[in-house]
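this is a predicted model, with the sequence first.
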Amino acid sequence: MSGLDLNLEPDDVDMEDAELNGSEPFFCTQAAQTEVVDESQDPLLADQGGQGGDSNVHSGRGQQFNAAPPLANPSTENLNTTTIPTTTISGSSNPDLVDHGTDGVAPNEEVASSPQEPFLGMRFDTIEDAREHYNAYAKRLGFSIKSNTSQRQPFTKVLRKQQFVCNKYRPPKTEEQIQEERVKFVEDVSPVQLDDENGDGEEVGPSKKSKSAGVKRQREKTKQTKCSAKMFVKLINNKYEVTYFVAEHNHPMCVKPSLSKYLRSHKGIPRDEREFLKCLHDCNLETGRMMTVMSSFYGEECFVPYDPKAITNLRTSLRKENKEWDIAETVAYFAELKDKDPGFYSRISFDEENRVEYIFWVDSAARKAYTEAYHDCVSFDTTFLTNQFNMPFAPFIGINRHGQSFMLGCGFLRDEKEESFTWLFTQFLDSMHGLQPTNIITDQDQAMRNAISEVFFNTVHRNCRWHVMKKANEKLGPFLGRHPGLAENFNECINESMSEDEFEARWADMIAKWELADHETFLWLKKYAKYWVPCYYRHCFFLFLQSTQRSEGFNAVLKCYINPHNSIKHFVKQYEKLQQRILGKEGHNDYRTYELEPETWSPFPIEKHALAVYTRPIYHRFRLEFALIGCYNVQPQGNNFYQLVPNNEKCYPYGARYYMVNANGGQFNCECCKYERDGLLCCHVLKVFTHIGVDAIPEQYILRRWTQGALETVVQPTVLAKDDVMPEESRQKLRFANLSTKFVALAKQASASDQHDAIARRHIREMTTEFAQLNKVKRKRKTTSASTTSNAPEQSANPNSNRTSTSAPSTHQKPSSGPTQIGPAPPPTTSTRQQAPRSAPGHVPTAHATGVVPSAAQPAPATSQQGPTTPPHSSTMAHSAPSAPTRCKPQE
């Protein structure tokens, strides 16, 4: 009997039944000492000169307990026990916040499902485990805790005593103290600061309140009642043991479970959910959307164990992480991308004070696409957004063979001055091997125009028509309202002028008709007409656009990926994601072009030819244009000239005018110049084709950039090719999200009655035990694998060594310290005692769950490890369950 710990529960006693019957723990049989020692009401005041593991005296709930004398048997010298049972908690009692201890052994099965009330003698591996258990117990009852006084070792600084108290432990403030604080606050805070306060409970940032004020905002504080509830733990034999505990409170509890998340010690986001929220944050979801997602997992928002403010604080902390190292991390990330993608190009400029001025980067796929096919038109705009450093974001936008927008490079500028644009355009030109864009469209900015004329001196530069018209409407709105018909006359002059001379004539007639010779806005519009009026660019290739709508539309997509408050490194990462999305859509259109066949609009052979040569999105544009041939009638004019006359009042978007087509010498030229602008034939030429019997598009009018052969080589992603397999970390997060939804549905069913609740709790205990056993086996296999790897070099270096001592154990070998069967065990073939009623079939036994501590002198069980596993609380547990012959401790 020397190896038997009398403080532990025997294997044939059902403690749950004993607690329900109110019986005393009859298995503690140690004799009590006659000497009685009282411990102070504040245990920190006692034992000032002792060490962490030299005291055997414990106190609790204001009662006196007799300490047991040390045993004479040396084998039990570490069993410093009292007249109460002790239970070691090796992991947190809240499995949502932390793992099950350092070795993966699950805590007591009752603690895992519903934290039990602390009792004297309860032991914990670490002080964090003690706090987590007491906090979980407090959450179940509806109060908050905090760490109060503590004591450390003089030299090692190891924490040897710690007191946890109720958050209402302080005495309430007197009226005099409240009045003094109120007067002090009014004196220290100016009226302006009081007026600037917002009432939404958010922190006032540096932009809202001066840092020099040095005054904290007045906040609502927790009501104090001088509550005496507390738990005191002390380091005894390398375990933190409960030596003093008071359970009674002098204030009402927060009985609603949905309100416990507002208690201070229960605020916070569980670890798994924190990682999931990081994913949502990276997807640029707002706090409200993230809270909606988590509410769907919990069933209702009131059941989510944290409030939107916690998510907002998490997002703020993620943005502030290493903010001061953002540039250094960005440079390192650029180097990492360079290793993965040798064609990646990046440049960063610093000023004299080593501050970042400009940044530019572009991947190899965009560089290849630009130089081979897509340098004919570029859209550039800086009106999108800025980052957290207030640097304007400047993307270069191109158009691929499917008519999709994609980024040809991105930049950040300190300001929008001429020298800033000059640096950026120079870096873009250098990254594209000196190939200037044929055409570029930007907003109306004189500094940008000067930089383009200096760097892209061979490029046709056009201003965005939308920006010009927007400024004009802001000034001309009331004036046009007072002159009906002027707006229609103005739009006809801008949209339907086919030549510069025609525009000049129409403009002069409009100015004379409406007497606008001295109007400042119309004079300004005429002064800059050559930069934005369409007739000046009807022979230039601008790809279905007359404004920076490509950049505007791309910016709208970019807002779904990027938040202006995020770091530059986050911008770069989101740039990669967006490029991958563009490549994915490009692949989808490739599949549509090669594998799918839509129904044609008409039986004309020329439409079938267009379906065969163009990419699918461009074919749909061609079909829309081809459908307009029914709006015109052909009138031959002789000498291969044909006049197209609208058969309706107007034909959108060409208006009511007549168009002339020249079909001389196999060349088909229309005065609308759509082919020169967009690379597709207009409806006027297509109407002539059907009139004279042309059944296929002439080869010279099939622009290569609109076909599948636009690029000589396929543009590959900038990352290495991988199998279509989700990473394990992402799979874990996805499983967490799916299981959360399913468990919420089960929780609603389990709350229907006490019987439902009992079934749910029983299965929770079983799952917790099986999970712990699975983690234990995985760790042993991992340790065995590591041992094999470490022994391999030694074996090769010493081939004459003993094989038995150097060979690594097989990964399939059963561990000697416990069963390796995972999941429900088969029913036992023989049993000397009936199974306990509360044990479910297939319950995996563990020494921690049953409280069995084999003696160090007990021989190893003879039962084969391939045999059946006996359920817990069986009289044959110590013989049928495989276990190591050494003392079983949960932390080992």
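Received it, and whenever you're ready, just let me know what you need. Predicted model, so just to flag it, every value in this text is computed and none were measured.

what is the mean pLDDT for stretch 340-359?
For stretch 340-359, the mean pLDDT works out to 91.

start the count at 847, not 1, going forward
Happy to do that; since the first residue is 847 now, the last one works out to stretch 1186-1205.

go through that stretch and flag the buried ones.
Neighbour-count burial for stretch 1186-1205 flags 1187, 1190, 1191, 1192, 1193, 1194, 1195, 1202, 1203, 1204, 1205 (criterion: 16 or more other CB atoms under 10 Å). Any C-beta I mention is one placed from the backbone N, CA and C, and that applies to glycine too.

narrow these to those in strands?
1191, 1192, 1193, 1194, 1195, 1202, 1203, 1204, 1205 (DSSP state E).

quick one: contacts for the fourth one?
Read it as residue 1194. Applying CB atoms under 8 Å, 6 or more residues apart in numbering to residue 1194 gives the contacts 1173, 1176, 1177, 1180, 1202, 1204, 1205, 1206.

touching, the second one and residue 1415? I think so.
Yes. Because the distance of 4.7 Å satisfies CB atoms under 8 Å, residue 1176 is recorded as touching residue 1415.

so the two - more neighbours on which side?
Of the pair residue 1176 and residue 1415, residue 1176 is the one with more neighbours under other CB atoms under 10 Å, namely 23 against 19.

wait, a strand at that one?
No. Counting by DSSP: H, G, I helix; E, B strand; the rest coil, residue 1176 is located in no strand; its state is helix.

sketch out the low-pLDDT regions of the stretch 1297-1446 of the chain for me.
Within the stretch 1297-1446 of the chain, the ranges that satisfy pLDDT under 70 run 1392-1410.

so where do the strands sit in it?
Under the criterion DSSP state E, counting those that start in this stretch, the stretch 1297-1446 of the chain carries strands at the ranges 1306-1309.

show me where the stretch 1597-1738 of the chain dips below the pLDDT cut-off.
Where the stretch 1597-1738 of the chain drops to pLDDT under 70, the residues are 1635-1738.

now, the most widely separated pair of the buried residues of stretch 1186-1205?
Greatest spatial distance in the buried residues of stretch 1186-1205: 1187 and 1203, 25.0 Å, computed using CB to CB.

tell me which of the buried residues of stretch 1186-1205 is nearest to residue 1317?
Among the buried residues of stretch 1186-1205, and counting by CB to CB, the member closest to residue 1317 is residue 1204, at 28.0 Å.

kindly provide the distance from the closest one to residue 1121.
Distance check for residue 1204 against residue 1121: by CB to CB, to the nearest Å, it reads 35 Å.

follow-up on the earlier one: now, which of the contacts of residue 1194 sits nearest residue 1068?
The closest of those to residue 1068 turns out to be residue 1173 (CB to CB; 41.8 Å).

what about that closest one, neighbour count?
Applying other CB under 10 Å, we find 19 residues neighbouring residue 1173.

give me every residue that touches it.
Counting by CB under 8 Å, 6+ apart, residue 1173 makes contact with 1194, 1202, 1414.

7 Å instead?
1202, 1414 (CB atoms under 7 Å, 6 or more residues apart in numbering).

which SSE is it in?
Using DSSP states H and E, residue 1173 falls within helix 1172-1186.

that helix vs strand 1191-1196, what angle?
Calculated by axes from the mean of the first three to the mean of the last three CA atoms, to 10 degrees, helix 1172-1186 forms an angle of 160 degrees with strand 1191-1196.

now helix 1172-1186: buried residues?
So for helix 1172-1186, counting by 16+ other CB under 10 Å, buried means 1172, 1173, 1175, 1176, 1177, 1179, 1180, 1183.

nearest residue to the fifth one in space, please, no chain neighbours.
In space, and not counting its chain neighbours, residue 1177 is closest to residue 1194: 6.5 Å by CB to CB, 6 or more residues apart in numbering.

can you tell me how far the one you found is from residue 1242?
Counting by CB to CB, the gap from residue 1194 to residue 1242 is 17 Å.

and for residue 1622?
56 Å.

more neighbours: which of the two?
Each of residue 1622 and residue 1242 has its neighbours counted (other CB under 10 Å); residue 1242 has more, 26 against 22.

shouldn't the more buried one be within a helix?
No. Using three-state DSSP, the assignment for residue 1242 is strand, not a helix.

residues in contact with it?
So residue 1242 contacts 1224, 1226, 1253, 1254, 1255, 1274 (CB under 7 Å, 6+ apart).

which one of those residues sits closest to residue 965?
Set against residue 965, the nearest of those by CB to CB is residue 1253 (63.8 Å).

which strand residues bridge the nearest residue to that closest one once chain neighbours are set aside?
Distance criterion CB to CB, 6+ apart; nearest residue to residue 1253, sequence neighbours excluded, is residue 1241 at 5.4 Å. Note on residue 1241: beta-bridge partners by DSSP bridges are residue 1256.

model confidence for residue 1241, exactly?
pLDDT, the model's per-residue confidence, is 88 for residue 1241.

same thing with the one 3 residues further on?
The confidence metric pLDDT takes the value 91 at residue 1244.

residue 1149 contacts residue 1104, doesn't it?
Yes. Using CB atoms under 7 Å, residue 1149 is in contact with residue 1104, at 6.2 Å.
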